[in-house]
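Asks: just to be clear, the model below is a prediction. Sequence and coordinates:
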Amino acid sequence: MRKLIVTAVMLAQASLYAQGRREAGPDQAPKDPVVEAIVKAENDGSQLKLLAHELFDSIGPRLTGSPQIEKARDWALAKYKSWGIPAEAQNWGVWHGWERGISHIDMVSPRLRTLEATQLAWCPDMGGKTVTAGLVILPDLTDSAAYAAWMPTVKGKFVMVSMLQPTGRPDDNWDQFGTPASIQKMKDERKDITDNWNARIKKTGYNTRTLPVALEKAGAAGIVSSYWSAGFGVDKIFQAYTKKIPTVDVMQEDYGLLYRLAESGADPKIAVHTESKERGPVPTFNVIAGIRGSEKPDEYVMLSAHFDSWDGGSGATDNGTGTLMMMEAMRVLQQVYPHPKRTILVGHWSSEEEGLNGSRAFVEDHPDTVSKLQALFNQDNGTGRVVSMSGQGYLHAYEYLTRWLSKVPSYIRDSIKTTFPGAPGGGGSDFASFDAVGAPGFSLGALNWSYFNYTWHTNRDTYDKLVFDDLRNNVILVAVLAYMASEDPNRASTEKAVLPINPRTGKQTEWPAQVKAIRRGGLD
């Protein structure tokens, strides 16, 4: 009788235990010691703040071809060495070498004001001179013949080639304080001004790239632009196309001041002093590091983030945060999972900003690695916590990605929206270089944190915009995904889904084609 009672109790306990497991979900299942170690290592000993200070504050932005990206390369190699992770720089081409110097732009008439402005990347040096001259706004003429006749009048003048913004307030500020009528009036006015300005540029017979070159040939003293990023105090800082005269971006607030003065006939004058150094052709490279697999060393899991940046700010959220996330994940993995089954690599790509060139070169140069890729995880859109993942068009990605994600702590995993089968990357970031050849590259999409207005390619992309709590969670996420992909007994399927009909064309969407890397940039 006692034996029957004990058996019944044991069965009841087993039933309750099984029911509890079903109700509790994965996080109350038996803990994975490696996952637990990853979480503890990052939460208790994160090095993200130190890495961010060293890379963003001390080294700064990492324009392709600049001394700063070379300093960043050496810094990254030294970090990996200190962590016991083999790493190397792999040269894949040459680029226009250029070093940013001082920019100082002042309005000297009708009053004195130091302007918030900077030279654009690859701007020519002024030979130590300061040029003081008047300003002329690109006029609204009838056609290219009229502009050709007007061109000689720009000689010795700074030419303003951007429109006057009707407001310096971002839309969310208007939405908070404006009336419906005033908001609509502002938006209508902005649309009219934008459409008219775009038509004005078109009538010149040039575009935004070729017009500065034509003005340079006509004898202009310099080009003055303003690429407002639709937020308080932010402009996007890209590249100059002139070869002899300076091209400077003036922040929206100061550009509007100059424009209104010139438009009203006040004849404003500015003094421009910019310095830079031409470096000739310099090698461009990727930094590749890896933890060798113990059972399947010739199969690969890869972490991915581009290393380069534009140089208006510090390149902190584009893509310094992705860079640090992957470096820190590798450090943690080396500490708690030093003998993965598959080799875990990390790729820090250069010249992403000029067209995914570093990752495209890697795909071309390392077909054996790419063909044996288990998965690649790429992050490239700011400091926020990861909130989206897609199957990127791989038919069976649901099976393995959801299984790998199930090991991620729920406070991280539950915020992530997954989409299957999704669509392959078409070129937005480096995972697309791998998808193009059928290698499973996955994008980790992050929360916005006003990225596109305030930090993406702007003068405000700096250390202070980082959200370290989100970054720590991202490190845990990618480290767990790398661990799970490495441990999986099966190769991840790369069978492609049938892509949908494009509603605009009525044709079947095609898988993106491989694009060759530009291996000689800005030199021809």
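Replies: Received, thanks.
Asks: going forward, measure contacts between C-alpha atoms and count neighbours the same way
Replies: Noted.
Asks: flag the shaky bits of the stretch 201-350 of the chain, pLDDT-wise.
Replies: Scanning the stretch 201-350 of the chain for pLDDT under 70 picks out no residues.
Asks: the helices in it, which residues?
Replies: In the stretch 201-350 of the chain, the segments counted as helices under DSSP state H, counting those that start in this stretch are 210-217, 252-263, 321-336.
Asks: and what of the stretch 1-150 of the chain?
Replies: Along the stretch 1-150 of the chain, the segments classed as helices by DSSP H, counting those that start in this stretch run 2-24, 33-45, 48-52, 67-82, 144-150.
Asks: which stretch in the ones you listed is the model least sure about?
Replies: Ranked by mean pLDDT, the helices of the stretch 1-150 of the chain end with helix 2-24 in last place, scoring a mean of 34.
Asks: distance between the ends of stretch 117-126?
Replies: 16 Å (C-alpha to C-alpha, to the nearest Å).
Asks: cool, and stretch 225-236?
Replies: For stretch 225-236, the first-to-last residue distance is 11 Å (C-alpha to C-alpha).
Asks: any idea how far it is from the middle of the chain?
Replies: Centroid separation between stretch 225-236 and its chain, computed with C-alpha atoms, centre = their mean, to the nearest Å, is 17 Å.
Asks: pull the residues that contact it.
Replies: Contacts of stretch 225-236 with the rest of the structure, by C-alpha atoms under 8 Å, 6 or more residues apart in numbering, involve 160-162, 168-171, 237, 247-253, 255, 312, 452-454, 456-460.
Asks: separation between residue 372 and residue 146?
Replies: Using C-alpha to C-alpha, residue 372 is found at 60 Å from residue 146.
Asks: neighbour-wise, which of the two wins?
Replies: When neighbours are counted by other C-alpha atoms under 10 Å, residue 372 and residue 146 differ, and residue 372 comes out ahead with 16 against 13.
Asks: right, and the more buried one touches residue 300 too?
Replies: Yes. Here residue 372 lies in contact with residue 300, judged by C-alpha atoms under 8 Å, at a distance of 6.2 Å.
Asks: which element, helix or strand, includes residue 515?
Replies: Assigning secondary structure by DSSP states H and E places residue 515 outside every helix and strand.
Asks: what's the burial count for it?
Replies: Residue 515 is flanked by 17 other residues according to other C-alpha under 10 Å.
Asks: quick thing: my sequence starts at 2, can you match it?
Replies: Yep, numbering from 2; the last one is residue 516 now.
Asks: how about the secondary structure of the spatially closest residue to it that is not a sequence neighbour?
Replies: Nearest residue to residue 516, sequence neighbours excluded (C-alpha to C-alpha, 6 or more residues apart in numbering): residue 361, at 7.1 Å. Classification of residue 361 by DSSP: H, G, I helix; E, B strand; the rest coil places it in helix.
Asks: pretty sure residue 361 contacts residue 438?
Replies: No. Proximity of residue 361 to residue 438 does not meet the contact threshold set by C-alpha under 8 Å, at 10.2 Å.
Asks: list residues touching both of these two?
Replies: Common contacts of residue 361 and residue 438 (C-alpha under 8 Å, 6+ apart): none found.
Asks: for those two, indicate the residue with more neighbours.
Replies: When residue 361 is set against residue 438 and neighbours are counted by other C-alpha under 10 Å, the residue ahead is residue 361, at 25 against 19.
Asks: for that one, what are its contacts?
Replies: The contact partners of residue 361, taken as C-alpha under 8 Å, 6+ apart, are 431, 434, 435, 516, 517, 518.
Asks: the third one - that's part of a strand, no?
Replies: Put plainly, it is residue 435. No. When classified by three-state DSSP, residue 435 is found to be helix rather than part of a strand.
Asks: that one: how many residues sit nearby?
Replies: Neighbour count for residue 435, taken as other C-alpha under 10 Å: 25.
Asks: surely it meets residue 364?
Replies: Yes. Between residue 435 and residue 364 there is a contact under C-alpha under 8 Å: 6.7 Å.
Asks: joint contacts of the two?
Replies: residue 371.
Asks: could you pull up the contacting residues of residue 101?
Replies: 67, 122, 123, 276, 277, 278.
Asks: now render those residues as CSV, adding distance to residue 182 and neighbour count.
Replies: Converted to CSV, the contacts of residue 101 look like this (distance: C-alpha to C-alpha, whole Å; neighbours: other C-alpha atoms under 10 Å):
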residue, distance to residue 182, neighbour count
67, 49, 25
122, 41, 23
123, 44, 26
276, 47, 20
277, 48, 20
278, 51, 17
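Asks: widest-spaced pair of the residues you listed?
Replies: Checked with C-alpha to C-alpha, the contacts of residue 101 reach their widest spread between 67 and 276, with 14.2 Å between them.
Asks: hang on, residue 377 in a helix?
Replies: No. Residue state for residue 377 (three-state DSSP) corresponds to strand; a helix is not indicated.
Asks: residues contacting it?
Replies: Under the criterion of C-alpha under 8 Å, 6+ apart, the contact list for residue 377 reads 302, 303, 304, 305, 432, 441, 442, 443.
Asks: between those, which is nearest residue 191?
Replies: When the contacts of residue 377 are ranked by distance to residue 191 (C-alpha to C-alpha), residue 432 comes first, at 36.0 Å.
Asks: without its sequence neighbours, what residue ends up closest to the closest one?
Replies: The spatially closest residue to residue 432, leaving aside those adjacent along the chain, is residue 442, at 4.8 Å (C-alpha to C-alpha, 6+ apart).
Asks: please report how far the one you found lies from residue 218.
Replies: In this view, residue 442 and residue 218 are 45 Å apart by C-alpha to C-alpha.
Asks: do residue 346 as well
Replies: When distances are taken as C-alpha to C-alpha, residue 346 and residue 218 turn out to be 49 Å apart.
Asks: more neighbours: which of these two?
Replies: Remark: of residue 346 and residue 218, residue 346 carries more neighbours, 22 against 16, as counted by other C-alpha under 10 Å.
Asks: how about that one, what does it touch?
Replies: Residues counted as contacts of residue 346 (C-alpha under 8 Å, 6+ apart) are 289, 290, 291, 292, 301, 302, 303, 304.
Asks: repeat that with 6 Å
Replies: 290, 291, 303 (C-alpha atoms under 6 Å, 6 or more residues apart in numbering).
Asks: burial count for the first one?
Replies: For residue 290, the count of nearby residues is 24 (other C-alpha under 10 Å).
Asks: equivalent analysis for the last one, please.
Replies: Taking other C-alpha under 10 Å as the neighbour definition, residue 303 ends up with a count of 24.
Asks: same thing with the second one?
Replies: Other residues within reach of residue 291, judged by other C-alpha under 10 Å, total 22.
Asks: ok, the one 5 residues further on next?
Replies: Using other C-alpha under 10 Å, residue 296 has 14 other residues around it.
Asks: what's the closest non-adjacent residue to it?
Replies: Among residues not flanking residue 296 along the chain, residue 342 sits closest, at 4.8 Å (C-alpha to C-alpha, 6+ apart).
Asks: pretty sure the one you found contacts residue 293?
Replies: No. With the criterion set as C-alpha atoms under 6 Å, residue 342 and residue 293 do not qualify as a contacting pair; they are 8.3 Å apart.
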